[in-house]
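**Q** sequence first, predicted model second:
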Amino acid sequence: MIGLEVYGRLGLLRSLAADPRYRNQGLASRLHRKAEEYAASLKIEALYLLTVTAEDFFANRGYQRIERNSAPPPVQETAEFQSLCPTSSVCMFKYFKAG
């Protein structure tokens, strides 16, 4: 499962998770690719995320670590940033060339 919240030309990736029975089969990579394809169809310019456990996964896909307070206001105002993810979460972003 993966989610994408849209805030104008910005996107927030949420909840990338694969059932343990299906791990190590490329499912997370396929889900992530589909989310980026969908973001492209919406002309998203940058994707943001918070993670506790998947920093390497996203770094290997072009995401860069940034300070949490560097995310744009619409992203910082989400429930994910305000209360759902711990302050110890790593914030990452990727400029995204749609189309």
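**A** Done, it's in. What you are looking at is a predicted structure, and each value in this text was computed from that prediction instead of being measured.
**Q** thought residue 6 was touching residue 42?
**A** Yes. With contact defined as C-beta atoms under 8 Å, residue 6 reaches residue 42; the gap is 6.0 Å. Where C-beta positions appear, they are placed from N, C-alpha and C, glycine not excepted.
**Q** residue 92 looks like it's in a strand, true?
**A** Yes. Per DSSP: H, G, I helix; E, B strand; the rest coil, residue 92 lies within a strand segment.
**Q** okay, residue 91: pLDDT?
**A** Per-residue pLDDT puts residue 91 at 97.
**Q** burial count for it?
**A** 22 (other C-beta atoms under 10 Å).
**Q** so who does the spatially closest residue to it that is not a sequence neighbour touch?
**A** Of all residues not flanking residue 91 in the chain, residue 68 sits nearest, at 4.2 Å (C-beta to C-beta, 6 or more residues apart in numbering). Neighbouring residues of residue 68 by C-beta atoms under 8 Å, 6 or more residues apart in numbering: 50, 76, 81, 87, 89, 91.
**Q** for the closest residue in space to the third one that isn't next to it in sequence, grab phi and psi.
**A** It refers to residue 81. Excluding the flanking residues, the one nearest residue 81 by C-beta to C-beta, 6+ apart is residue 75, at 6.4 Å. Dihedral pair for residue 75: phi -80, psi -40, per degrees, to the nearest 10.
**Q** which residues does residue 75 contact?
**A** 7, 10, 12, 48, 81.
**Q** farthest pair within these?
**A** 10 and 81 (12.2 Å; C-beta to C-beta).
**Q** residues near residue 13, how many?
**A** Residue 13, neighbours per other C-beta under 10 Å, totals 24.
**Q** could you point out which element follows the strand or helix carrying it?
**A** Using DSSP states H and E, residue 13 falls within strand 10-14. For strand 10-14, the following helix or strand on the C-terminal side (DSSP H and E) is helix 27-41.
**Q** center of this structure - which residue?
**A** When C-alpha atoms, centre = their mean is applied to the chain, the residue found nearest the centroid is residue 13 (3.0 Å).
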